[in-house]
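J.: need a structure here:
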Amino acid sequence: MASTIHYDKIILGGGAAGCMAALAAAKAGMTVCIVEQKEMILKKLLLTGNGRCNITNTHLTKEAYNPEGNDYAMGIIEKFSPSKLMEWLEHTGLSLKDRDGYIYPYSNQAASVRDHLVSLLANQKVAIYLHSKILDGKKNAKGKYELHITTGEGEYCLIAPHLVLATGLLSHPKTGSDGSVFPLLEKLSLPLKKVLPALTSVECEEEYVKNLSGVRTEGCIKYGTVQMYESMGEIQFTEYGLSGIPMFQISRYVVQDVEAKAQLKKQTNGDLRILVDLWPKVSLEEGVAFLQQKKKTMEEGFMSNYHAEQFFDGIVPKKVTNTILGLCRLKKSTPVESLQDKDFEGFVRQLKNLSFTVSGYRGYDFCQVCQGGVPTDALVWGTMECKDHPGLYVVGELVDVDGICGGYNLQWAFASGMIAGSKKVQEG
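T.: Prediction:
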């Protein structure tokens, strides 16, 4: 028989948003518990920032978030801004460092943030149910929320006037965000916008993708079917396509177009193409002039034994040089003295307009965050509370708010959790 336990707030999901909601509720004097299906809380947090945990960003603007949700997001973040989050973390004992506005734990270890939050939860005596599976969830006749769960220690019926949904969507499902909350959302009649990966890598068709695999180099990625999106930074070439922060930043739009094209059974106007500029700070004319001057300088020195591969190498990595030479139909063994201005123009033009045909994208196991979720217009402005369900809150990635790389998604998680957790029961 299930043990019945009453709380002021139940937090479903032990990620960053859920833990912040629990801490805020406990600080406000409420009894609170976290229900987590994995063996530990904050498992996904350990993956953030490549294990370093980019907590927030002091240069935050609404443009960092998806257009559908950024107004609502900013309404929440204005109440718990990056500066307030940093102050809260430092006042509770976590040392931070600022790298040009990107805020990290002083240790550069995501584990430091996790350990800090776990310690705070223990200090506030927040009950945590691990290895939890939801057997049933509902709003009872008294207007309270009931969660029937089973854990390794038994079955429980948890009852509270406030329920905070903080499960995330589908990114990195092995950490707990596996969509198991979706049936509960449906039972509670909550709308759910189609969930797709965001901040993910893109798969490409070209054979030369494999030749570039392993290369990391500065560049600018450009993509757009209606509106052009650009992102600059270190691009990573993989055996399947394009990765790295510049690709992540605009991948949500690529994913949307791939899905739209699939629904139309590929009856669209042409392929989806990504352009990569691997000499972004130099114009075509400047690049050609640079190569002309380089050849002239070499002619004044010693270049009788030099060939095209050596001449172009050093501007970009050798794998890129050889790929561009192949696309320009220039042999690697072409003597430098045989290179003409048209060869320089062709090389620079190709280097600045390397084209890739999109064949797909990396799925939920690889994306850093998802797009979609509960629409913000289903929530009361500035509270995270559901309009049609008093006492029910949705926070973090489960809401249709997703940001670019740079600490913006964690800021959203912490801010939305803080606002939802702070609201006292008597206010609902």
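J.: gap between the residue nearest to Val254 when sequence neighbours are not counted and Gly244?
T.: Distances taken as C-beta to C-beta, 6 or more residues apart in numbering put Val202 closest to Val254, at 5.4 Å, once the chain neighbours are dropped. Where you see a C-beta, it was placed from the backbone N, CA and C, and this is true even at glycine. Per C-beta to C-beta, to the nearest Å, Val202 is found 10 Å from Gly244.
J.: Please say which of those two ends up with more neighbours.
T.: Ranked by neighbour count (other C-beta atoms under 10 Å), Val202 and Gly244 place Val202 first, with 26 against 21.
J.: List the residues that contact that one.
T.: 241-243, 247, 251, 254, 274, 356, 358, 360-362 (C-beta atoms under 8 Å, 6 or more residues apart in numbering).
J.: how near is it to Val276?
T.: 11 Å.
J.: what pLDDT, on average, does stretch 233-253 get?
T.: Stretch 233-253 comes out with an average pLDDT of 97.
J.: quick one: contacts of stretch 312-328?
T.: By C-beta under 8 Å, 6+ apart, stretch 312-328 touches 208, 211-212, 214-215, 217, 237, 278-279, 291, 308-309, 331-332, 343, 346-347, 350-351, 354.
J.: got the buried residues for it?
T.: Neighbour counts over stretch 312-328 (16 or more other C-beta atoms under 10 Å) mark 312, 315-317, 319-325, 327-328 as buried.
J.: Which parts of the stretch 301-428 of the chain are helices?
T.: Ranges of helices within the stretch 301-428 of the chain are 308-312, 318-327, 341-352, 408-422, based on DSSP state H, counting those that start in this stretch.
J.: average pLDDT across the last one?
T.: When the per-residue pLDDT values of helix 408-422 are averaged, the result is 98.
J.: Tell me which other helices or strands that helix touches.
T.: helix 16-27, strand 56-57, helix 70-77, helix 82-91, strand 162-165 (3 or more C-beta pairs under 8 Å, 6 or more residues apart in numbering; DSSP states H and E).
J.: between Val202 and Val276, what contacts are shared?
T.: Common neighbours of Val202 and Val276 (C-beta under 8 Å, 6+ apart) are 242, 356.
J.: Could I get the CA-only coordinates of stretch 375-395 as PDB?
T.: Extracted in PDB, the C-alpha atoms of stretch 375-395 (Å, rounded to 0.1, in the frame of the first residue of the first chain):
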ATOM      1  CA  PRO A 375       3.800  27.300 -25.300                       C
ATOM      2  CA  THR A 376       4.400  30.500 -23.200                       C
ATOM      3  CA  ASP A 377       0.900  31.700 -24.100                       C
ATOM      4  CA  ALA A 378      -0.400  28.900 -21.900                       C
ATOM      5  CA  LEU A 379       1.300  30.400 -18.900                       C
ATOM      6  CA  VAL A 380       0.500  33.400 -16.700                       C
ATOM      7  CA  TRP A 381       2.800  36.300 -17.500                       C
ATOM      8  CA  GLY A 382       5.800  36.500 -15.200                       C
ATOM      9  CA  THR A 383       4.800  33.600 -12.900                       C
ATOM     10  CA  MET A 384       5.400  30.300 -14.900                       C
ATOM     11  CA  GLU A 385       1.900  29.200 -13.600                       C
ATOM     12  CA  CYS A 386      -0.500  27.500 -16.100                       C
ATOM     13  CA  LYS A 387      -3.500  29.800 -17.000                       C
ATOM     14  CA  ASP A 388      -6.000  26.900 -16.800                       C
ATOM     15  CA  HIS A 389      -4.500  25.100 -13.800                       C
ATOM     16  CA  PRO A 390      -3.900  27.200 -10.700                       C
ATOM     17  CA  GLY A 391      -1.000  25.800  -8.700                       C
ATOM     18  CA  LEU A 392       0.600  24.000 -11.700                       C
ATOM     19  CA  TYR A 393       3.900  25.500 -13.000                       C
ATOM     20  CA  VAL A 394       6.100  24.600 -15.900                       C
ATOM     21  CA  VAL A 395       9.800  25.600 -15.900                       C
END
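J.: can you put the contacts of Val202 in JSON lines and add distance to Val336?
T.: Converted to JSON lines, these look like this (distance: C-beta to C-beta, whole Å):
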{"residue": "Gly241", "distance to Val336": "33"}
{"residue": "Leu242", "distance to Val336": "31"}
{"residue": "Ser243", "distance to Val336": "34"}
{"residue": "Met247", "distance to Val336": "34"}
{"residue": "Ser251", "distance to Val336": "40"}
{"residue": "Val254", "distance to Val336": "39"}
{"residue": "Ile274", "distance to Val336": "32"}
{"residue": "Phe356", "distance to Val336": "30"}
{"residue": "Val358", "distance to Val336": "37"}
{"residue": "Gly360", "distance to Val336": "41"}
{"residue": "Tyr361", "distance to Val336": "41"}
{"residue": "Arg362", "distance to Val336": "41"}
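J.: Now do the same for Lys125: helix, strand or coil?
T.: Three-state call for Lys125 (DSSP: H, G, I helix; E, B strand; the rest coil): coil.
J.: Now do it against Ala26, distance only.
T.: 7 Å.
J.: Please say which of these two ends up with more neighbours.
T.: Ala26 (22 against 9).
J.: So for that one, what pLDDT did the model give?
T.: 98.
J.: returning to what we had before: which one of the contacts of Val202 is nearest to Ile149?
T.: Arg362 (32.5 Å; C-beta to C-beta).
J.: Now the closest one, what are its backbone angles?
T.: Here is the backbone geometry of Arg362 (degrees, to the nearest 10): phi -80, psi 140.
J.: Just give me the neighbour total for it.
T.: 19.
J.: Low-confidence regions, the protein specifically.
T.: Applying pLDDT under 70 to the chain flags residues 265-269, 300-304, 426-428.
J.: Swap in 80 and give it another go.
T.: The model of the chain has pLDDT under 80 over residues 1, 264-270, 299-305, 425-428.
J.: domain assignment for it?
T.: Domains of the chain are assigned by automatic domain parsing as 3-197+370-427, 201-362.
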